[in-house]
Each structure stands twice: as structure tokens, then as C-alpha cells.
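**Student:** here are the coordinates; sequence isn't available:
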């Protein structure tokens, strides 16, 4: 896909995110096409059609929340290997679902084309990115197909027997409603580029139309009263707004009744922050999260604070949300948070990771193993990091035969006095149930580097196996992270006894 | 607690003091030596009474730690790594009052050494200081062994259990030549269960033997209850994943289509359930026939399509719809 958009009117974060989304879309589609999941679906043809979209249509397509959701889901299916293990389940449905995304962007194409859409229990066919919806008013069986074609700018949807369901002029969106019984045409429309997405889960067209009209009129009133910067912000957001029953909108927040300017702006800011976080995670590693809050809380707090700042309506110092926001800023465990905030503002900042790794591969070679096949490493998690502990090396040993683990332990014990060597010996001993030995090795590790959560936590579990649950609790619950403090705490307890 | 049957004898006392009908057959199994130990969660204010009831079975309890409820605003790092446990962990101190709904995690056994061995490996992925603390994988194997589960099933669990990538039940079914009622693990959250572990196959010989032993142990205390368990164990189950299973009452199958007269939710009251699971149960209760495909289940009522229940693969667990007809 050609993604050389002009960045002139697009705020940098959105521009970068949109480009990134385009690249991710390509990888996701090609991943599905390579798997068995796309067999029997129209994915390959749909992808060819998508690639023929012009620049404006591609940009519009990439701004759809549904496309973002589609890409994220497919990435998860590929990452977890589900496209290989269970291709006929969810991956197959995702492959089929892409056809709707393609059909929704057809208006921009002049070339005549055709394809088909598969029911996934319901049937809603969006045109012009959701500005017009063809809705089957009943549930359909999974796999029921509907053929479509565009000729001379006219879109036709047909049953699999060739019966015409609906005919729509794509440029004007005038529907020549020749709808079969059980089908309806709905035009929820858009306001200032924000597409209204009605809640059609129960196929109640009348209620959905009423709700869409309400959202449209309230959104129009809000946009009329907005200043230029606010409009610019909204123009960059994912464009979608749905009813009170749905999840959604420009910022993917649940919509309230009635809509307010503050709410709509907060949605847009939320969208902006979410995109910044996605960029961050893709460029720095999926597990690198520097904030002192969970990403979704961070997003909410940031969106609220940015909106408050936008309106300048309340004292930021008095806002409890802002206190949290400041805490994020002032987190001294790592400067990564500041860097993330800079990303939200659209700047480029590179930073080092809070965690470092120990490569255990040389020890495998020492023990006569092929390190390529049995790659062991430790990501040293720092005390103030919010990553959880890395047991991957130890967990790998769990699947080894006991004699192999012993061979590695013997090789390491006699040949290595490095930190990696001690850690490797510790996990081997733990795996074999030699807890006294494991404790001694972990003590050596801690003497070399005291700020490694894996050393402390494995020491805690080791002591638990040695019947010292009391020391386990000092480490885990009291967060004691000094051997001297630990000895003192245990000593005090012994004295008390 | 709302009782689903009339309990009698020591079972009634166990249910009352624990305010739960779950796991009762497992207490019988520990008391009779079928298994070494079990773990359970008890309200802190009931702990003394609980120990007294255990003593009547010649059992005792070791305390692991307190499980504290997480509020909706608590944001914990690593919760995604813990598909079922959603709690904060803290040291249990009997003199310190715990918040409402807190429970104490205990290990129950007839022997101190067995209890200690089990306790050592019995850490659950609770949140401490804002992040989830998991135990190493090898301790899952140690815990399974200490509980007395068949080692083939423990090994299978250690190698294969991965909610985000694998559907354990679908994989175990593929390994089975028969679907035996003794290996029905879908009832583990109901009173009528014999096994708690996930079998390596639904015809696993060790599991079948273990299941019979638990049933016999239960019969020693309440023969009627044991018969109820047996009667229910063969009912047809519709299973999506570890998070969603139900019984189809009076089910009759014809190829991929199954007619039924009602639904028993096997995860009713389970903590941290997905909201769509409740919807699924409602829809299934409204229908009278289903058709199963790999992508989900089509629900009909009187021949008309009500809805299609999609199987998800991107929401924490891989769902693969399967119908289990036990023999």
C-alpha cells in the first residue's frame, strides 16, 4: 500500500500512527492469506481491491475504528499462533470480515468490480465508510453469502440466487431502494466528517434511526460551537460516533446523553493518547510500559487533563486527576514517562529501556547444548519497573528432562562464576528441587546485582520450599530488597519467638 | 449460601462453614486418602469453626495468605497473565481485620508433611504491590503432584495449558478415543463433580480410576449424593473454553444439530466472568436447538434463527465450540 500521505494538515502523532496502521494492515492481511484461515474466503481478492483505493480513500479507510479493531485482532491471532492452531474458528471469520471494510470504501473507485460478503450471524453492509448501511433485519446463518457488484458507480447487493437486495448510487448515496423483504437501507450520515454508527445489534432499525438522529443533531450543535484548534483535533480522530448502547466514538469512549463539547474533546484527546501509546509500544517493544499507571488509566487521566487544560476551566492544581498526571510526570524510577508524554505531544525522543537482559546462551554451549534450539535469557526486571517478573528461562527448563538439567548445572557449576553462571545454576537447582543450592546461587547473584526482581522473587520461592514462608513474606509482602535488612527482619522475628 | 440440595452430616457442616457447596467430594477424597491435599478459600471469620469441622474429618489446614478483593479502580500490572485469579495478596495475620469479601487461602490435608509440601507450591498469581506475582511453571507441576492428580495430566497441563494459544479441552478431546463420564471436568464449579483437574484425555485411565475413587469416597459419607453425581456426570455439555460450559438438558443430537429442553450454566457465579457469557446463557435458554460450527453456535427456536454465538479467540482465551457426549 502506498502510504506516502501529505503530513501537512495532520498532527504528527496521527500521521505516524496512520502510517504505522497501514504497515500493520499489510502484515496482518498477508499473515492471514498465508494461513489456512483465508481459504474459501474472498480475502485475497478483497486485498487487491483495497490496494487499488486512491490515497484519500486509503486514508479514510485507515481512520475507521473498525479497521483498527480488525488489524489489532488479526495481530493477536497471528501472535498467539491461533491462525495455525484453529484456522477455521475466529481467524476464518476475520478473513471474511475484511470484505465489509473493502465494500465500505468502494465509492472512491471508478473501476467496475465485484465480490461477495459472508454473513457472520447478522448482516450489515456499510457503504461510504458507514454513511449508508444495508441492514438485514434478521439473523442469518453463518456462511450465507451475498454477492455485490459496482458498475458505472452503482452498487448492487444480491442474494446468492441473484435476487436484487438493494441498489445504491455510490457518489450521491441515493439508494434506489429495491430492498428484498427483510432488508432495510439506513443513512445515519455524518457530521463534520464524524460518521454516526448506530447500534444495530438487535436489528431494531427504527430505534437506531431515532438514536442516530439525536447523536447527529447534538454533534452538529457541538461542532458549531467549537474553536479552530478543537476542530483540527477532531479532524484527526478515528471517525465514528454511535448510540448510547454502543461503545465508541472519536475517542472510543462510551457516549453519554446528552453529548457535550467537553466530552467530545475528551474523546478526541483519548484517541490521540491511545495512538501515541500504540506508537510507543510498537517502536519500543510491546512490554515496555514506563508509566506508573496501567495504560488505560493513563489514557483516561491524560485525556481528562488535556481537556481541562484545553478549556482552562478549572485549577489544574486542585484536580485530583491532575495530581495523578503530575505523579506520572514526576516518576523518577525512569524518565520513560516524560518521553511518552513527549510522544503524545508529537516529538521524537529515543530512550533506553528500563530493563536489561542476561544472555545465558554461552552457558548452554558450555554444557554441550545448541543454544539456537534452547535459547535461554533473563530480562532483569528492575525494582521500579512495572513489568512483571521473567520466568521464561526457568520455565523452559521445566520442559527439559531432569538429566539434561543436571548436565547443565554441572557444567555451569564448574565453569562459570559470572552473574549469568550463578543465575543459570540457581534455576537449574530450583528445577531439580535442590533448594539449598538454589538459595546459595541466588545469594551470589544478589551480591553482584541487588536490583533484579527475578533474583529476589526466586529467592522468596526457594525459601518457601525450604519451609521459610516467613522470609518469603518479608520479600514479597514487605518488599525487603536488601540481604542485610532481610537478615535483620528474620533475626527480629527469631528473637521475638 | 443458596443450597442446591439437602446436605446432611459432615457435608452439611462443611457447606455451612465454608458458605459454599463447591469441592465437597474433594474433602471426602482427602479424608479417605484418595488425594494428599486440597486447597480452598475460607472467610477469615469462619476460620476457627472451619478448623473444628476439619478436625472431625481428622484433617487440618495451613494458611497460605489472604486474598483481597480488587476494586474496579485498582490497576494491576500483569493481570493478563492471570486468566482466572483476580485478587490482591497479603500476609494473613489473625489479629488484623480483613476487608469485606476477603478470604483466606488454605491447604487442607491429613498429614502435616503433605500439607507443607503442598503449601510450598501453592502460590496463586495474586497482585502484590501493584503487580501480579506468578510462580515458576515447575511449581505448577509440583502442586499438581502434591494434590494427587494423575501425573500424565499434570505433565499435559504444564506443557499445553495456555489460554491465549490453546484450547485444552479441544486438544484433550482430539487425544481421546472415547469421552468418558469419569473425565467430566466441566462440573468442577458445581457440587456434583468428581475431578477438578483438566484430564490429558477424556479416556485417561488414571483419571477414570481417580474419579471412581473420589466417587467411592463420597459414597462413604453420603451415598445419595454420590448417586446424584453419577447421574449428572453423563449429561451432554456444550463447551467453548475453560471460561464457558453448560449442560444441554434432555439433549438429542442429529449430526451437527442438537435439540434440547433447557440449559444448566456450569459457570454460574464464577468470578470475573465475561459479560457476553451471561448473554450466551440467556440466548441458549431461549432456544431449543443449536447447530455447532467451528466459528460458533447457531441458536434456533422453533426452526427460526435466534442468533449466532461467536467463538472468540482474541479475548483472553481461545474458544472452540465442542459438544461432549459422555459414555
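**Tutor:** On my side now, so go ahead. In this text the structure is predicted, and so the values were computed from the model without any measurement.
**Student:** Surely residue A:172 forms part of a helix?
**Tutor:** No. Under DSSP: H, G, I helix; E, B strand; the rest coil, residue A:172 sits outside any helix and is assigned coil.
**Student:** Tell me which helix or strand residue B:247 sits in.
**Tutor:** Assigned by DSSP states H and E, residue B:247 belongs to strand B:244-249.
**Student:** Okay, buried residues for that strand please.
**Tutor:** For strand B:244-249, a neighbour-count test (16 or more other CB atoms under 10 Å in any protein chain shown) marks B:244, B:245, B:246, B:247, B:248 as buried. All C-beta spots, glycine's among them, are computed from the backbone N, C-alpha and C.
**Student:** Contacts made by it with the rest, please.
**Tutor:** Contacts to strand B:244-249, defined as CB atoms under 8 Å, 6 or more residues apart in numbering or on different chains, come from residues B:186, B:232, B:235-239, B:258, B:260-267, B:274, B:277, B:280-281, B:284, B:290, B:319, B:323.
**Student:** out of those, which touch chain A?
**Tutor:** The residues of the contacts of strand B:244-249 that also fall near chain A, by CB under 8 Å from any CB of the partner chain, are residue B:319.
**Student:** filter the contacts of strand B:244-249 to the buried ones?
**Tutor:** For these, buried by 16+ other CB under 10 Å: B:186, B:232, B:235-239, B:258, B:260, B:263-267, B:277, B:280-281, B:284, B:290, B:319, B:323.
**Student:** Just the residues you listed: which are in strands?
**Tutor:** B:237, B:238, B:239, B:258, B:263, B:264, B:265, B:290, B:323 (DSSP state E).
**Student:** With pLDDT as extra columns, can I get the residues you listed in a markdown table?
**Tutor:** Shown next, in a markdown table, are these (pLDDT from 0 to 100):
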| residue | pLDDT |
| --- | --- |
| B:237 | 97 |
| B:238 | 96 |
| B:239 | 96 |
| B:258 | 95 |
| B:263 | 97 |
| B:264 | 96 |
| B:265 | 96 |
| B:290 | 95 |
| B:323 | 93 |
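**Student:** and of those, the nearest to chain A?
**Tutor:** For these, the minimum distance to chain A (CB to the nearest CB) is 12.3 Å, reached by residue B:290.
**Student:** got the contact list for the residue in chain A that chain B sits nearest to?
**Tutor:** Closest to chain B within chain A is residue A:121: 2.7 Å, counting by CB to the nearest CB. Contacts for residue A:121 (CB under 8 Å, 6+ apart) come out as A:139, A:140, A:142, B:296, B:298, B:307, B:308, B:310.
**Student:** what does whatever helix or strand comes next after the strand holding residue B:247 contact?
**Tutor:** Sequence order places strand B:252-254 as the next helix or strand after strand B:244-249, per DSSP H and E. For strand B:252-254, the external contacting residues (CB under 8 Å, 6+ apart) are B:236, B:258, B:259, B:260, B:323, B:325.
**Student:** And the furthest pair within those residues?
**Tutor:** Spanning the widest gap among those are B:259 and B:325, at 13.6 Å by CB to CB.
**Student:** For residue A:21, see how far away the residue nearest the centre of chain A is.
**Tutor:** Closest to where the C-alpha atoms of chain A average out (CA atoms, centre = their mean) is residue A:72, at 5.8 Å. As judged by CB to CB, to the nearest Å, residue A:72 and residue A:21 stand 10 Å apart.
**Student:** just to revisit the earlier point, where does the residue nearest to the centre of chain A sit, in terms of helix or strand?
**Tutor:** In this assignment (DSSP H and E), residue A:72 forms part of helix A:65-79.
**Student:** Would you mind checking the average pLDDT for the helix or strand that contains residue B:48?
**Tutor:** Element membership of residue B:48 [criterion: DSSP H and E] is helix B:47-56. Averaging pLDDT along helix B:47-56 gives 97.
**Student:** How about stretch B:187-199?
**Tutor:** 95.
**Student:** Give me the distance from it to the chain's centre.
**Tutor:** 6 Å (CA atoms, centre = their mean, to the nearest Å).
**Student:** Buried residues of that stretch, list them for me.
**Tutor:** B:187-199.
**Student:** which of the residues you listed lies closest to residue A:188?
**Tutor:** residue B:189 (42.9 Å).
**Student:** can you tell me the helix or strand for the closest one?
**Tutor:** Assigned by DSSP H and E, residue B:189 falls outside every helix and strand.
**Student:** State whether it and residue B:22 are indeed in contact, as I suppose.
**Tutor:** Yes. Between residue B:189 and residue B:22 there is a contact under CB atoms under 8 Å: 6.2 Å.
**Student:** if we can go back for a sec, in TSV, list the contacts of residue A:121 along with pLDDT and neighbour count.
**Tutor:** Putting the contacts of residue A:121 into TSV (pLDDT from 0 to 100; neighbours: other CB atoms under 10 Å in any protein chain shown) gives the following:
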residue	pLDDT	neighbour count
A:139	72	20
A:140	75	19
A:142	70	23
B:296	87	25
B:298	90	24
B:307	85	22
B:308	86	21
B:310	86	20
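**Student:** Reformat those residues as JSON lines; add secondary structure and distance to residue A:402.
**Tutor:** Output for the contacts of residue A:121, formatted as JSON lines (DSSP: H, G, I helix; E, B strand; the rest coil; distance: CB to CB, whole Å):
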{"residue": "A:139", "secondary structure": "coil", "distance to residue A:402": "55"}
{"residue": "A:140", "secondary structure": "coil", "distance to residue A:402": "55"}
{"residue": "A:142", "secondary structure": "coil", "distance to residue A:402": "48"}
{"residue": "B:296", "secondary structure": "strand", "distance to residue A:402": "43"}
{"residue": "B:298", "secondary structure": "strand", "distance to residue A:402": "49"}
{"residue": "B:307", "secondary structure": "strand", "distance to residue A:402": "51"}
{"residue": "B:308", "secondary structure": "strand", "distance to residue A:402": "49"}
{"residue": "B:310", "secondary structure": "strand", "distance to residue A:402": "44"}
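**Student:** Mind picking the one among those residues that's closest to residue A:459?
**Tutor:** residue B:310 (45.5 Å).
**Student:** which residues pair with the closest one across the strands?
**Tutor:** residue B:296 (DSSP bridges).
**Student:** From residue A:140, how far off is it?
**Tutor:** 13 Å.
**Student:** And for residue A:154?
**Tutor:** Distance from residue A:154 to residue A:140, by CB to CB: 24 Å.
**Student:** Tabulate the buried residues of strand B:244-249 in CSV, adding columns for pLDDT.
**Tutor:** Formatted as CSV, those follow (pLDDT from 0 to 100):
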residue, pLDDT
B:244, 94
B:245, 96
B:246, 97
B:247, 97
B:248, 97
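**Student:** Can you name the residue of chain B nearest chain A?
**Tutor:** The nearest approach of chain B to chain A comes at residue B:308, 2.7 Å away (CB to the nearest CB).
**Student:** OK, contacts around that residue?
**Tutor:** With CB under 8 Å, 6+ apart, residue B:308 has these contacts: A:120, A:121, A:122, A:139, A:141, A:142, B:296, B:297, B:298, B:299.
**Student:** In space, what's closest to the second one - neighbours in sequence excluded?
**Tutor:** Leaving aside its chain neighbours, residue A:121 sits nearest to residue B:308 (2.7 Å; criterion: CB to CB, 6 or more residues apart in numbering or on different chains).
**Student:** same question, the third one
**Tutor:** The spatially closest residue to residue A:122, leaving aside those adjacent along the chain, is residue A:139, at 6.0 Å (CB to CB, 6+ apart).
**Student:** Do I have it right that that neighbour meets residue B:306?
**Tutor:** Yes. In this structure residue A:139 lies within contact range of residue B:306 using CB under 8 Å: 6.7 Å.
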